[in-house]
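Novice: A predicted structure for the sequence below; I have some questions about it.
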Amino acid sequence: MLLEIVITTGLALACLQVQATPQDLEQQVEFDIPRQTADRSLIEFAAQASVTLVFPFDEAAEVTTNRLKGRYTLTEGLTRLLEGTSLASSIDDGELSVVSTNKERGQGKMKTSFFGRLLSALAVGSATTGVAVAQDNGGTLEEVIVTAQKREQSVMEVPFSMQALTGDALSRANIRDLQQVMELVPGAIQTNENSLGRRQYSIRGVDQGFSDPTVSYYVDDAAYFPGEDFAPIARIFDISRVEVLRGPQSTLWG
């Protein structure tokens, strides 16, 4: 099994909007969501309904929603889930979203921290949770462009599991090298070796091998350790994104 760490320079971002048809909004879905914080409830709501849902992450993390159990349409279910909270459902041009009704935060205005933006980048690439977190620019979402299949694609079009962190997210988190990036990727570890400028990576317990590397390390499509078990330090002052790909990847990456 070959796992990949792909580092890419240059910037390629666009805007993404996902819309629902009236038939989708009236379709009844079986929900079973416990009473919990709204960020978790809304993620489960989107997963169970198989829809994309936009919501203000920071405020949702501070709000507790109601239990939702039974068959409801999307609008009915979301209304019952959020009843009595500072959040409310909204439909604008067929786009289902959650807005804040808290005047102190600005009615209908959605804001998010770096970690909210990071969740957006990860959730947008997930096939099981159709959740996106609203950005500061009036609810417009970033489309993350990746090169996991050796060509530029939206992360939503890539047919296998991966995680992508945008250059903007890395900059906002004040991340300076790949070791700090690895702290944001579940199951990924970077080890500092005695040799200056040499580091070793493992993903989900799979280490780099000496003769047959099982974790590959590429910068702009260039392999940095063919036949070696170490990789150079990666400073990320000019990196637009980092892609971590789940194996096997030998067909595309050798």
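Specialist: That came through, no problem. The structure presented is a predicted model; accordingly, all values stated were derived computationally and were not measured.
Novice: and the lengthiest helix in the chain, what does it pack onto?
Specialist: For the chain, the longest helix by residue count, based on DSSP state H, is helix 38-49. Under the contact criterion of 3 or more C-beta pairs under 8 Å, 6 or more residues apart in numbering; DSSP states H and E, helix 38-49 touches strand 28-33, strand 53-55, helix 57-60, helix 74-82, strand 131-133. For the C-beta atoms, the positions are set from N, CA and C on the backbone; glycine is no exception.
Novice: and that helix, average pLDDT?
Specialist: Helix 38-49 shows a mean pLDDT of 85.
Novice: Identify each buried residue in that helix, please.
Specialist: Across helix 38-49, burial judged by 16 or more other C-beta atoms under 10 Å covers 38-39, 41-49.
Novice: Can you tell me which of those residues is nearest Leu170?
Specialist: Closest to Leu170 out of these is Asp39 (22.4 Å), distances taken as C-beta to C-beta.
Novice: quick one, what contacts the nearest residue to the closest one once chain neighbours are set aside?
Specialist: Among residues not flanking Asp39 along the chain, Ala60 sits closest, at 4.2 Å (C-beta to C-beta, 6 or more residues apart in numbering). When contacts are counted by C-beta atoms under 8 Å, 6 or more residues apart in numbering, Ala60 is found next to 37-39, 42, 87, 98.
Novice: which outside residues touch the longest helix of the chain?
Specialist: Under the criterion C-beta under 8 Å, 6+ apart, residues 29-33, 52-53, 55, 57, 59-61, 63-65, 68, 74, 77-78, 81-82, 85, 87, 98, 123, 128-131 lie in contact with helix 38-49.
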